[in-house]
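A.B. asks: Sequence isn't available, so here's the structure alone:
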């Protein structure tokens, strides 16, 4: 969607238009496709895939390219975060249409979490769709209470919405009831359309809050496996050591193997192989972020094109799991009826360690709030929510043009000292920002009307290599607009396909209508497809 497009909100489901859209017959899909396996390798760049396949011509990843259409000009939505990235793949929509800008945002119309008496409460609420919602985020099962963790985690529920803390959810002032993640999503999902057609659905991801994929109906994913990646593991969580991340990803990969075999994710209940299923891998993303792991350097070698030892191990791990999927599909005689789609929710920036500048955003925002209070005696903080990785998203208590201009001017005037990849001091200018969109300009950038309840009041595009962090525990991040953030692979691989490359620009949001077309369902059953005109990927026949 063009950043200049103004979205016209439409309560399509409430008007009954969803059911008015016909569901196409199976004969309209790709011949033989009865299953679509979507694999998101978070952090993976198109350049990573090309280089890996060239170095490993007999690898599973190279095999996907040999039997598929590779879209080398694919780009993720902006912001390039996990939530808008995956939701784009499974709805066909950008944040302006889905209403999802990040996993931790703010809504100026909802009431704060925990509100039980809504009369007279001032609107404005943090919307935290992260591990903070878990019943117990220290446990891999998010607080379900399984004995024998981590080995027993495959016994985790397939309805993780039951593990969310209700008092952590924002409250709808009209009903005075908490708003669960699936109700916060403004459009329907591929899973909902598949279920409407009587097809089975499954997915595996990293937090129970991914129940947002159920869509507004709340019923999209029949088997949703969401072990908590930020739970306790060793001396940190599962992301603190890449070997631990690979172990964690292995549980989700086993869930997919069980589903290929016709069982639910646990491998104990025979359900039939889903029509739409898949998972995300975190191992590559962790390997790109960690300065070191297991005594080896993380990220890329100097220059940013060759993976270091930790990232090489992560790529090999993912390749091995994808190879296991392909082998199991063959063993179950499903290889001729299954299309595999490979992509990524987001990339990671910077790839070149020499470009890294770590900037402490907490100090910047503390200074901004102090300057605002000094200018407005008796006022509270200006910033009510900040989400800063390698972009800056701010929601402000005062949305007036003077306030948004004040925030923009303050940030662009700040120079200081951060750290480079070695931890040595490194100067930054303009708060690390290249361009700042504030107030109405931010709304126009995202394609919504000024005053939209969800849009950030300030969106800062960083200078290349800037990562906002107060420490030295990461050397890359995502969320921004640089090619390292957005240039991800997109491969559609399956039966009766020859390897070909399409270099024309495409968006990962085009995955959603493509999944439905492959299964013989009408892509226009997706609300975001109708609102944005999202097209099926070209060249699939």
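C.D. replies: Perfect, thanks for sending it. Note that this is a predicted model, so its numbers are computed, not measured. Residues are numbered from 1 along each chain as shown.

A.B. asks: Residue 303 contacts residue 352, doesn't it?
C.D. replies: Yes. Contact criterion Cβ atoms under 8 Å: residue 303 and residue 352 qualify, at 6.2 Å. For the C-beta atoms, the positions are set from N, CA and C on the backbone; glycine is no exception.

A.B. asks: Those two: who's more crowded?
C.D. replies: For residue 303 and residue 352, the more surrounded residue by other Cβ atoms under 10 Å is residue 352, and the numbers stand at 19 against 10.

A.B. asks: residues in contact with that one?
C.D. replies: Neighbouring residues of residue 352 by Cβ atoms under 8 Å, 6 or more residues apart in numbering: 300, 302-304, 465.

A.B. asks: Nearest to residue 366 among the residues you listed?
C.D. replies: residue 465 (23.3 Å; Cβ to Cβ).

A.B. asks: Apart from its neighbours in sequence, what residue is nearest the closest one?
C.D. replies: residue 355 (3.3 Å; Cβ to Cβ, 6 or more residues apart in numbering).

A.B. asks: Read off the pLDDT value for that neighbour.
C.D. replies: Model confidence at residue 355, given as pLDDT, is 98.

A.B. asks: before we move on, back to that, where neighbours are concerned, which of the contacts of residue 352 has the most?
C.D. replies: Result: residue 465 is most packed of these (other Cβ under 10 Å), 24 neighbours.

A.B. asks: State the helix or strand in which the residue nearest to residue 433 when sequence neighbours are not counted lies.
C.D. replies: Computed as Cβ to Cβ, 6+ apart, the closest residue to residue 433 that is not its neighbour in sequence is residue 460, at 4.5 Å. Using DSSP states H and E, residue 460 sits in strand 458-462.

A.B. asks: by contact count, what packs against the helix or strand just after that strand?
C.D. replies: For strand 458-462, the succeeding helix or strand toward the C-terminus, using DSSP H and E, is strand 466-468. With contacts taken as 3 or more Cβ pairs under 8 Å, 6 or more residues apart in numbering; DSSP states H and E, strand 466-468 sits against strand 357-359.

A.B. asks: What degree of burial does the residue nearest to residue 465 show, as a neighbour count?
C.D. replies: A total of 19 residues lie near residue 355 under the criterion other Cβ under 10 Å.

A.B. asks: swap in residue 234?
C.D. replies: Neighbours of residue 234 (other Cβ under 10 Å): 10.

A.B. asks: so it makes contact with residue 241?
C.D. replies: Yes. Between residue 234 and residue 241 there is a contact under Cβ under 8 Å: 6.5 Å.

A.B. asks: Just the local confidence number for the residue nearest to residue 407 when sequence neighbours are not counted, please.
C.D. replies: Excluding its sequence neighbours, the residue lying closest to residue 407 (Cβ to Cβ, 6+ apart) is residue 458, at 5.4 Å. pLDDT, residue 458: 98.

A.B. asks: Do I have it right that residue 458 meets residue 399?
C.D. replies: No. Using Cβ under 8 Å, residue 458 makes no contact with residue 399, being 10.2 Å away.

A.B. asks: Compare neighbour counts for these two and give me the winner.
C.D. replies: Taking neighbours as other Cβ under 10 Å, residue 458 and residue 399 compare with residue 458 leading, 25 against 14.

A.B. asks: List the residues that contact that one.
C.D. replies: Going by Cβ under 8 Å, 6+ apart, residue 458 touches 392-394, 396, 404, 407-408, 411, 436-439, 442.

A.B. asks: List the beta-bridge partners for it.
C.D. replies: When assigned by DSSP bridges, residue 458 has beta-bridge partners residue 394, residue 438.
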